[in-house]
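Undergrad: With the input below, show me the fold.
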Amino acid sequence: MLEKLGLRVRILLFFALLAVGAVAAVGVAGWLVVSRSAVPDLAAAVAQAGILAGFLILFLVTGIWYLFDMNVARAIDGLANAIRTRAHADIHDDLGRDKDRARYLGDLAPAAAEISSALAQTRSALAESVARETSRLSGEKARLEKLLADVPVAVLLCTADYQLAFYNGQAVTILEAGGAPGLDRNLLDYLREGPVRHAYERLAKLNDPEAASDLICATTGSGRLLSGRMRVLRRTEHTPRPGFVLTLRDVTADLAAHAAREALLAEVFDRVRRPAANLQTVIGVISEDKDMAHSADLMDAMLSEVQGLTTAITELGQRYDAGRNDWRPLAQIRSPDLMDGVGAQFETLGLDLQTEGPELMLTCDGFELALLLRWLGQKLAQAGHSRSFRLVLAEEDGPGAVLDLVWHGRSLSVGVFDSWLSEPLDPDTPDLTARAVLNAHATEAWTETRSDGVAAVRLPIPNARRATTRPAPIQREVVYDFELLSKARNAGVLESRLEDLTYVVFDTETTGLTPSSDEIVQIAAVRVVNGRRVKREVFDTLVDPARAIPPSSTEIHGITDDMVKGAPSMTEAGKRFHDFARGAVLIAHNAPFDMEFLRRHEKSMGVRFDHPVLDTVLLSAVVYGQLEQHSLDALTARLGITIPEEARHTAIGDTVATADAFLKLMPMLKSRGLLTFGDVLGEVRRHGRLLKDLN
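TA: Numbering: from 1, shown residues only. Predicted coordinates:
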């Protein structure tokens with residue numbers, strides 16, 4: 001019983017027992033003296049002396065206890081916490097304030113400082129040794145991650161419970177419509193269950209790690225069709241139900257192309273079948289009646305059918321070529337870059353070219369278009385039309401644009417221009433004609449004669465859009481944690497070890513400090529899986545509070561009314577956050593404040609925030625005691641965590657700091673024997689006077 005009490009409580013009980021014993025001793029001694037004395041007034045005098053002595057003893061013992069508590073018990077407690085922090089939170093500074101507070105403990109504080117310094121030196125030496133020994137493996141790991149990140153198919157590694165332990169960048173692209181994947185999230189949240197589950201059950205029964213199963217599945221969000229191959233991992237004594245590797249490829253576009261090809265072939269057969277049948281009938285008649293072989297009408301009919309068959313085949317061949325041209329992938333190029341390239345081509349020919357027009361993104365083959373325009377300028381100059389030109393780009397209504405090559409001088413006739421289109425653009429590429437370039441871009445070109453002696457050649461570009469800022473490239477990182485494959489799962493949260501749970505650490509910024517009337521303007525969260533923060537799995541969104549943000553609140557978090565215009569509503573943002581936190585333990589600093597905002601909107605969201613909750617304020621009280629400061633700034637400073645000034649009082653900045661603080665508190669909780677969520681919950685509830693526990 002006494003072993004479960006804190007050091008200061010035990011010392012208090014010691015002094016209380018000492019005071020009670022001294023008072024009892026005085027009382028017993030007075031009673032013995034009075035009982036043996038024959039003097040009447042002596043009993044009252046001894047009783048009064050005993051009472052006064054008792055009060056003096058209590059006062060003296062209380063004073064000694066207070067000095068002992070301030071200079072010994074609290075110092076020992078603080079020194080123990082400081083040593084534990086440096087042992088588990090990877091802090092390398094000296095004991096500092098804690099060593100000064102323990103100045104009355106004799107050589108204990110210097111000895112603790114020496115132990116802390118020796119521990120830091122040992123860690124440093126060990127870290128250097130490990131770094132040297134693992135440098136080669138780290139390089140190979142980086143190369144492997146880079147290779148897997150750029151593999152052109154999605155690669156996922158899952159447990160037998162379909163929980164994700166690994167995914168690469170292509171998996172993010174393919175599964176994005178169903179929500180970006182996350183470690184320890186269920187694969188069946190993103191893919192329709194039937195094909196995946198059937199393939200796994202089939203392979204698991206075979207007990208053959210070399211066996212593979214091909215499958216076709218669809219995403220739950222967009223219904224995108226995927227072609228996959230599944231292979232199970234080897235069984236071990238720790239994993240009787242093995243995990244599996246699933247590779248996926250988006251075949252929606254392939255199926256569309258296949259369907260178009262099938263339709264084209266069906267039309268080919270339909271167009272050819274009737275003329276061929278008629279021709280077969282005519283030929284049969286001729287073969288049966290030799291006299292009809294010389295009939296002019298019959299020969300004309302046969303010739304007509306043959307011509308019809310030839311025409312049909314020719315038309316279908318042209319359509320097939322056009323289909324190939326439509327399929328041909330064209331790049332996107334900025335119009336200033338194209339015009340600059342054309343200008344350089346004209347300059348090499350000694351021709352003058354001025355360019356104008358808006359900055360657009362053109363879907364085209366820039367090299368071929370530049371070559372075409374250079375060839376056209378050269379032909380016009382050689383024919384004496386002009387040596388000075390303007391290249392004008394103009395937007396059209398819809399997705400297209402028009403390029404006009406304009407000059408002052410004699411116009412170009414349609415017939416001459418059409419004859420030019422069949423000529424090669426360059427002697428080195430005789431098959432690349434102007435007509436071929438136009439066909440490749442599914443467009444045409446024609447001449448125009450305008451007023452005031454202005455002539456032009458017009459060239460439409462079917463696909464063009466306004467140039468915008470290029471979005472940040474997707475980081476094709478590999479996200480994985482192979483320990484998830486062998487991690488045992490408990491039935492209940494209370495019995496689960498702390499490191500076996502998945503956590504979502506979050507923070508909110510609001511219009512004010514009254515949850516019953518103020519609103520959220522930003523929510524941010526990160527996921528902690530298997531004892532580490534997953535840097536790629538972040539939730540961060542502004543929220544439209546549907547009301548003005550007070551200037552006093554803006555001064556704290558920097559969020560203005562203009563910033564939240566167009567942001568999702570609380571209903572939409574709350575649903576997305578609830579989905580991000582599904583199946584996880586929620587962690588926040590001063591959680592009752594943030595949770596009250598969320599739970600007030602549960603009805604409009606159609607969800608319930610009934611997650612288990614941990615509060616880093618209460619966890620800090622468990623580790624350091626209630627008398628310490630437990631603000632986020634104080635906690636992070638105590639744990640050696642630096643919050644950048646620009647990130648403080650932003651939802652994502654405070655969230656990352658809270659997550660890092662929790663990860664450093666976790667080993668300190670375990671060192672106190674708090675191994676499971678239930679253990680921590682029981683200890684947290686002892687500090688209910690400090691903050692309400694939400695579980």
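
Undergrad: In contact with I216, which residues are there?
TA: P195, L225, L226, S227, G228, V251 (C-beta atoms under 8 Å, 6 or more residues apart in numbering). In short, each C-beta sits where N, CA and C put it, glycine included.

Undergrad: Restricted to strands, list the residues you listed.
TA: L225, L226, S227, G228 (DSSP state E).

Undergrad: Produce a ChimeraX select command limited to the buried residues of the residues you listed.
TA: Selection of buried members from the ones in strands among the contacts of I216 for ChimeraX, criterion 16 or more other C-beta atoms under 10 Å:
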select :225,226,227,228
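
Undergrad: Need the max-distance pair from the ones in strands among the contacts of I216.
TA: L225 and G228 (10.3 Å; C-beta to C-beta).

Undergrad: Give me the common contacts of the two.
TA: I216, C217.

Undergrad: circling back: now flag whichever of the ones in strands among the contacts of I216 is closest to F14.
TA: G228 (69.0 Å).

Undergrad: Just to check, that closest one is in contact with D214?
TA: Yes - counting by C-beta atoms under 8 Å, D214 is a contact partner of G228 at 7.2 Å.

Undergrad: Give the helix, strand or coil label for the closest residue to L513 other than its chain neighbours.
TA: In this structure, L513 finds its nearest non-sequential neighbour in F593, 7.9 Å apart by C-beta to C-beta, 6 or more residues apart in numbering. In three-state terms, and counting by DSSP: H, G, I helix; E, B strand; the rest coil, F593 is helix.

Undergrad: pLDDT at F593, what is it?
TA: F593 carries a pLDDT value of 93.

Undergrad: Run a quick neighbour tally on it.
TA: Residues lying near F593 (other C-beta atoms under 10 Å) number 16.

Undergrad: And for T433?
TA: T433, neighbours per other C-beta under 10 Å, totals 18.

Undergrad: May I have the phi/psi pair for it?
TA: The phi/psi pair for T433 (degrees, to the nearest 10) reads phi -100, psi 170.

Undergrad: who does it bridge with?
TA: P424 (DSSP bridges).

Undergrad: follow-up on the earlier one: now the residue nearest to L513: how far from S116?
TA: Separation of F593 from S116 (C-beta to C-beta, to the nearest Å) stands at 36 Å.

Undergrad: what pLDDT does E262 get?
TA: Confidence score, pLDDT, at E262: 53.

Undergrad: repeat for R527
TA: pLDDT, R527: 94.

Undergrad: what do you get for R489?
TA: The model's pLDDT for R489 equals 60.

Undergrad: swap in the one 4 residues further on?
TA: The predicted local confidence for V493 comes out at a pLDDT of 85.

Undergrad: so how far is A659 from it?
TA: 19 Å.

Undergrad: who has more neighbours, these two?
TA: Between V493 and A659, counted using other C-beta under 10 Å, the more crowded position is A659 (25 against 16).

Undergrad: Helix or strand: which one has that one?
TA: Element membership of A659 [criterion: DSSP states H and E] is helix 651-671.

Undergrad: Beyond that helix, next helix or strand please.
TA: Helix 651-671 is succeeded, C-terminally, by helix 677-684 (DSSP H and E).

Undergrad: Could you give me the buried positions within that next one?
TA: Buried residues in helix 677-684 (16+ other C-beta under 10 Å): F677, D679, V680, L681, E683, V684.

Undergrad: which helices and strands does it pack with?
TA: strand 613-615, helix 616-624 (3 or more C-beta pairs under 8 Å, 6 or more residues apart in numbering; DSSP states H and E).

Undergrad: could I get these as CSV with mean neighbour count, distance to R532 and mean pLDDT?
TA: Shown next, in CSV, are the helices and strands packed on helix 677-684 (neighbours: other C-beta atoms under 10 Å; distance: least, C-beta to C-beta, whole Å; pLDDT from 0 to 100):
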stretch, mean neighbour count, distance to R532, mean pLDDT
strand 613-615, 25, 17, 94
helix 616-624, 23, 17, 91
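
Undergrad: now the ones you listed in CSV, with distance to A82?
TA: Listed next are the helices and strands packed on helix 677-684 as CSV, based on distance: least, C-beta to C-beta, whole Å:
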stretch, distance to A82
strand 613-615, 23
helix 616-624, 10
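
Undergrad: Ok, which of those comes nearest G377?
TA: The nearest among the helices and strands packed on helix 677-684, by C-beta to C-beta, is helix 616-624 at 70.1 Å.

Undergrad: Convert the closest one to PDB, retaining C-alpha atoms only.
TA: Coordinates of the C-alpha atoms in helix 616-624 are reproduced here as PDB (Å, rounded to 0.1, in the frame of the first residue of the first chain):
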ATOM      1  CA  THR A 616      -1.100  15.900 -22.500                       C
ATOM      2  CA  VAL A 617      -1.900  18.300 -19.600                       C
ATOM      3  CA  LEU A 618      -3.000  15.300 -17.400                       C
ATOM      4  CA  LEU A 619      -0.100  13.100 -18.700                       C
ATOM      5  CA  SER A 620       2.300  15.900 -17.700                       C
ATOM      6  CA  ALA A 621       0.700  16.000 -14.200                       C
ATOM      7  CA  VAL A 622       1.200  12.200 -14.000                       C
ATOM      8  CA  VAL A 623       4.900  12.500 -14.800                       C
ATOM      9  CA  TYR A 624       5.900  15.700 -13.100                       C
END
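
Undergrad: name the helices or strands packed onto it?
TA: Helix 616-624 packs on helix 74-88, helix 632-638, helix 651-671, helix 677-684, going by 3+ C-beta pairs under 8 Å, 6+ apart.

Undergrad: Next, the closest residue to A442 other than its chain neighbours: phi, psi?
TA: Spatially, and ignoring its direct neighbours in sequence, A442 is nearest to P462 (5.7 Å; C-beta to C-beta, 6+ apart). The phi/psi pair for P462 (degrees, to the nearest 10) reads phi -60, psi -30.

Undergrad: Tell me which residues are up against whichever strand or helix holds F346.
TA: Using DSSP H and E, F346 sits within helix 335-348. Identification of contacts with helix 335-348 by C-beta under 8 Å, 6+ apart yields 352-353, 355, 357-362, 364, 366, 369-371, 373-374, 377, 389, 391, 393, 401, 464, 467.

Undergrad: That one: which residues count as buried?
TA: Buried residues in helix 335-348 (16+ other C-beta under 10 Å): S335, L338, M339, G341, V342, G343, Q345, F346.

Undergrad: for the helix holding A659, packing partners?
TA: helix 74-88, strand 503-510, strand 520-529, strand 532-542, strand 585-588, helix 616-624, helix 632-638.

Undergrad: Quick check: which of the ones you listed is nearest to R410?
TA: strand 532-542 (60.9 Å).

Undergrad: quick one: the following helix or strand past that closest one to chain centroid distance?
TA: Next helix or strand after strand 532-542 toward the C-terminus (DSSP H and E): helix 551-557. Remark: helix 551-557 is offset 28 Å from the chain centroid, using C-alpha atoms, centre = their mean, to the nearest Å.

Undergrad: List the contacts of the helix or strand following helix 551-557.
TA: Per DSSP H and E, helix 551-557 leads on to helix 570-580 as the next helix or strand towards the C-terminus. With contacts defined as C-beta under 8 Å, 6+ apart, helix 570-580 is touched by 179, 182, 504, 506, 519-520, 523, 525, 527, 539, 541, 543-546, 567-568, 598, 601, 604-607, 609.

Undergrad: and these, which are buried?
TA: 179, 182, 504, 506, 519-520, 523, 525, 527, 539, 541, 543-545, 567-568, 598, 601, 605, 607, 609.

Undergrad: what residues are up against V543?
TA: Residues in contact with V543, defined by C-beta under 8 Å, 6+ apart, are E519, I520, V521, Q522, I523, V564, A567, P568, S569, M570, A573.
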